[in-house]
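Participant: no sequence on hand, only this structure:
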């Protein structure tokens, strides 16, 4: 058996490891010289090769074999060549050689049999040595290397868990400090801002409990795996405790914040309801007026509650109409006009009409109106109807507003029979708005406002 090209290439490669050289030596003795010269061969393998290599094998005497006789060969006869160009070459006579007898394979086996037996024994011995080397040398070394690698991997794993636990501990300590500070700030909130004030007591209790919580502490990592794992467990338990305390603080703080948000949301909802109600009342107290030329404006009445004290600019109640605060009452009313013509200025005149319903007229009613040139007292013009007109000299640009203030005075509103005032009479007095007396404005709205502030 001869070495394969692949085996020769591995032996000639200086990077081939010793273990592979050992296998190649056991497989092919032809490679032994190259293996002994290899830079990675180890001394034991060289000693084994030297012990296993036969120095000069003794060939046993073979049985008598008849020698092979060959017929003598007649020497080649040549005639000296005459270089004269005119002479021809003399032919050479060659004696034919007798054929070689066939190879005696059986005889060769008999002659080299001992050598083959010795070589086979060497291969078997090499295999046995290889097995012993693998079992007694290589396997323990490999096992030791694997154990060392496993120990290093276990140490790396334990160290990684320790480092992670330390980082978590540090983060949780910071989070706990922040949560405690935030909770203490929220504890000082005004209780009036809360929808549920009981959350403050719960937050205070959580702060007291958290204040006694010790932060988790990181220690220097030990050298042994068992100690490292023990340290990691302790740090993890401490971190869990801090995390639980932080969660308690955060939840209690969020309860306070949510209660504030609920109170704000409720207030916003109530304000929206009020806004919608005021918008509805405003719409109910607003009249729309326009003329044939397209000029338009709106008039809105704002009725206040009964009072015995009122002032407007430099004027006070009773400036033009007599008023007795002991028996009389005044209801302030404000007319607001708004120009709605797009792109054009609008001249505005408005007329407020006060009328009484029902047959009974238990009280005298007058209007004290306040103009730029002073107050005027308006008395009933037609029966119980009072007309209160106003005109703005300067035209209004689109969206501009103007206001006219007046009060409705009810005399003898308080009597022995009605010491708190005849409140029922307020629903008898009705106000409407239309274009001024000298204008051609038409009013599309048919509505009225009572002095009770109710629109119909």
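Facilitator: Yes, it's here. Small disclaimer: the values here were computed from a predicted structure and weren't measured.
Participant: against residue 378, how distant is residue 325?
Facilitator: 20 Å (C-beta to C-beta, to the nearest Å). For glycine as for every other residue, the C-beta is placed from the backbone atoms N, C-alpha and C.
Participant: ugh, wrong one, I meant residue 279
Facilitator: Applying C-beta to C-beta to residue 279 and residue 378 gives a distance of 31 Å.
Participant: again, but for residue 196
Facilitator: 55 Å.
Participant: tell me which of these two has more neighbours.
Facilitator: Per other C-beta atoms under 10 Å, whichever of residue 196 and residue 378 has more neighbours is residue 378, with 20 against 14.
Participant: quick check: that one touching residue 385?
Facilitator: No: Residue 378 is beyond contact range of residue 385, at 10.6 Å (criterion: C-beta atoms under 8 Å).
Participant: could you pull out the strands for the stretch 351-456 of the chain?
Facilitator: 365-371, 374-378, 386-391, 401-410, 429-435, 442-443, 449-450 (DSSP state E, counting those that start in this stretch).
Participant: tabulate these in CSV, adding columns for mean pLDDT and distance to residue 136.
Facilitator: What follows is these, written out as CSV (pLDDT from 0 to 100; distance: least, C-beta to C-beta, whole Å):
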stretch, mean pLDDT, distance to residue 136
strand 365-371, 97, 124
strand 374-378, 96, 129
strand 386-391, 94, 125
strand 401-410, 97, 112
strand 429-435, 93, 120
strand 442-443, 84, 121
strand 449-450, 94, 117
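Participant: in this protein, which helix has the most residues?
Facilitator: Secondary structure of the chain per DSSP state H: the longest helix is helix 225-284.
Participant: next one: that helix to chain centre, how far?
Facilitator: 19 Å (C-alpha atoms, centre = their mean, to the nearest Å).
Participant: against which helices or strands is that helix packed?
Facilitator: The helices and strands touching helix 225-284, judged by 3 or more C-beta pairs under 8 Å, 6 or more residues apart in numbering; DSSP states H and E, are helix 139-187, helix 198-211.
Participant: CSV for the strands of the stretch 351-456 of the chain, including distance to residue 185?
Facilitator: Shown next, in CSV, are the strands of the stretch 351-456 of the chain (distance: least, C-beta to C-beta, whole Å):
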stretch, distance to residue 185
strand 365-371, 53
strand 374-378, 57
strand 386-391, 57
strand 401-410, 46
strand 429-435, 54
strand 442-443, 59
strand 449-450, 51
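Participant: can you list the low-confidence ranges for the stretch 51-200 of the chain?
Facilitator: Scanning the stretch 51-200 of the chain with the threshold set as pLDDT under 70 gives 54-127, 129, 133.
Participant: again, 50 this time
Facilitator: 55-65, 68, 70, 73-74, 76-94, 97, 99-100, 116 (pLDDT under 50).
Participant: which residues does the closest residue to residue 325 other than its chain neighbours contact?
Facilitator: Of all residues not flanking residue 325 in the chain, residue 308 sits nearest, at 4.3 Å (C-beta to C-beta, 6 or more residues apart in numbering). Applying C-beta atoms under 8 Å, 6 or more residues apart in numbering to residue 308 gives the contacts 317, 325, 328-330.
Participant: returning to what we had before: out of the helices and strands packed on helix 225-284, flag the one nearest residue 42.
Facilitator: With C-beta to C-beta as the measure, helix 139-187 is the member of the helices and strands packed on helix 225-284 nearest residue 42 (11.4 Å).
Participant: what's the offset of that closest one from the middle of its chain?
Facilitator: Using C-alpha atoms, centre = their mean, the offset of helix 139-187 from its chain centre is 25 Å.
Participant: check stretch 281-292 too.
Facilitator: How far stretch 281-292 lies from its chain's middle: 53 Å, per C-alpha atoms, centre = their mean.
Participant: and it, what's buried?
Facilitator: 281, 284-287, 289-291 (16 or more other C-beta atoms under 10 Å).
Participant: can you check stretch 327-340 too?
Facilitator: 328-333, 335-340.
Participant: average pLDDT for the helix or strand hosting residue 21?
Facilitator: Taking DSSP states H and E as the definition, residue 21 sits inside helix 18-27. Mean pLDDT, computed over helix 18-27, is 90.
Participant: begin at 53 from now on, thanks
Facilitator: Sure, I'll start counting at 53 from here, so that last one is helix 70-79.
Participant: and the contacts of that helix?
Facilitator: Under C-beta under 8 Å, 6+ apart, the answer for helix 70-79 is 59, 62-63, 68, 83-84, 87, 90, 92-94, 97, 100-101, 178-179, 181-182, 185-186, 190.
Participant: buried sites along that helix?
Facilitator: Buried residues in helix 70-79 (16+ other C-beta under 10 Å): 71, 73-74, 76-79.
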